[in-house]
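K.L.:
Predicted coordinates and the sequence they were generated for:
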Amino acid sequence: MTENHSISIIVPVLNEEGSLEKLYLESTNSLKIYSNWELIFIDDGSDDESNNIMRKLADNDDRVSVIQFFKNFGKADALSEGFKQAKGDIIITIDADLQDDPAEIPRLITKIQEGWDVVSGWKKDRKDPASKRIPSKLFNLVTRIFTGIKIHDFNCGLKAYRRKVVKSIDIYGGLHRYIPAIAGQKGFSVTEIEVNHRPREFGETKYGGNRLFHGFFDLFTMLFTGKYFDRPLHFFGSIGLFFIIISTGCEIFPIYDKLVNGIPFQIHFALIVFGAMVFGLGLWFFSIGLLGELLIKASGTSEKKIHSVYSKKQK
């Protein structure tokens, strides 16, 4: 028996005309055990027959809806709009290319019903070329280290969320990659399950070689606007401390070389000057962090933390 939860399936679409009908059939088949569900296609500026196919599916099934963008805004905007429109208690996201298996949807829902707020798919046996797998492993490793969220695959399009999660986060740009981390920052519980991953059969990959490059910029955006929003000194101070440690090494080495080996300071003049410059840079970062702390204290600006206030008087 399944719990009586309503389910929303969100599918971002960009030029996936070959896979949409099969995606619909496989998704509806996996949802047969649930009585209340909806499937929301987000057409992110497709210029093939994708929109026409989705509209036909919606005409034949009133549980299907299509949101069409004026142009290609990106996956984050597509998911963000889907989250706004979703009515389900549990929200599932899945890519339209069918590399992620819709048959995994019930397993994600079951994991949510166990009490987790976010369940991310893990493409452990990923059916992609090494040119995609290796950069992805590096990206996931760095993201785990910086965010502290212990999952293996932040990029997997197959994820499940409780409604309260998607209604409390704001994603844009490339931040869709970091939804589990953003949710974790807000105190939601995050886990993962291994999911079946299939070789690409339809369409072409939408990700170019600059994906990893932009991903790291998005990582720092996510960390600064989330984890360090209320404490900028922790962010800028860490960078400043790094530079000060380097400068200290640059200044200590000439002293050591002078005392131990008798090498005059003039030999290390360039290193000494470099150390002084780096020390000044470190102090500059510390100053920026302190100014940020003062501005936050003066303005009273902080991340919204209170969900609701309840008292007996409100009854």
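P.N.:
Yep, that arrived.

K.L.:
which residue ranges form the helices in the protein?
P.N.:
Per DSSP state H, the chain carries helices over the ranges 20-30, 50-60, 75-85, 105-113, 130-147, 163-166, 179-185, 211-222, 232-261, 269-299.

K.L.:
Remind me what the first one packs against, helices and strands.
P.N.:
Here helix 20-30 touches strand 7-13, strand 37-43, helix 50-60, helix 105-113, going by 3 or more Cβ pairs under 8 Å, 6 or more residues apart in numbering; DSSP states H and E. Where C-beta positions appear, they are placed from N, C-alpha and C, glycine not excepted.

K.L.:
and the third one, average pLDDT?
P.N.:
Spelled out, it's helix 50-60. Mean per-residue pLDDT for helix 50-60: 94.

K.L.:
Return the set of buried residues in it.
P.N.:
Neighbour-count burial for helix 50-60, with 16 or more other Cβ atoms under 10 Å as criterion, is recorded at 50-51, 53-54, 56-58.

K.L.:
Just the CA coordinates for that helix, please, in PDB.
P.N.:
Extracted C-alpha coordinates of helix 50-60, given in PDB (Å, rounded to 0.1, in the frame of the first residue of the first chain):
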ATOM      1  CA  SER A  50       8.800  19.100 -28.900                       C
ATOM      2  CA  ASN A  51       6.100  21.600 -28.000                       C
ATOM      3  CA  ASN A  52       3.600  20.100 -30.500                       C
ATOM      4  CA  ILE A  53       4.200  16.600 -29.100                       C
ATOM      5  CA  MET A  54       3.700  17.800 -25.500                       C
ATOM      6  CA  ARG A  55       0.500  19.600 -26.400                       C
ATOM      7  CA  LYS A  56      -0.900  16.500 -28.000                       C
ATOM      8  CA  LEU A  57      -0.100  14.500 -24.800                       C
ATOM      9  CA  ALA A  58      -1.800  17.200 -22.700                       C
ATOM     10  CA  ASP A  59      -4.900  17.100 -25.000                       C
ATOM     11  CA  ASN A  60      -5.200  13.400 -24.400                       C
END
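
K.L.:
now that helix against strand 37-43, angle please.
P.N.:
160 degrees (axes from the mean of the first three to the mean of the last three Cα atoms, to 10 degrees).

K.L.:
repeat for the last one
P.N.:
Regarding helix 105-113 and strand 37-43, their directions subtend 110 degrees when assessed with the same axes, to 10 degrees.

K.L.:
contacting residues around helix 105-113?
P.N.:
Outside of helix 105-113, the residues that reach it under the criterion Cβ atoms under 8 Å, 6 or more residues apart in numbering are 2-3, 5, 7, 9, 27, 30-31, 33-34, 90, 92, 94, 119, 121, 158-162, 191, 193, 195.

K.L.:
filter these to the buried ones?
P.N.:
Buried among those (16+ other Cβ under 10 Å): 5, 7, 9, 27, 30-31, 34, 90, 92, 94, 119, 121, 158-162, 191, 193, 195.

K.L.:
one step back: how about a markdown table for the helices of the chain, with distance to Y172 added?
P.N.:
A markdown table is the format used below for the helices of the chain (distance: least, Cβ to Cβ, whole Å):
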| stretch | distance to Y172 |
| --- | --- |
| helix 20-30 | 26 |
| helix 50-60 | 23 |
| helix 75-85 | 5 |
| helix 105-113 | 25 |
| helix 130-147 | 18 |
| helix 163-166 | 14 |
| helix 179-185 | 11 |
| helix 211-222 | 9 |
| helix 232-261 | 20 |
| helix 269-299 | 22 |
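
K.L.:
Before I go, just wanted to say thanks for your time.
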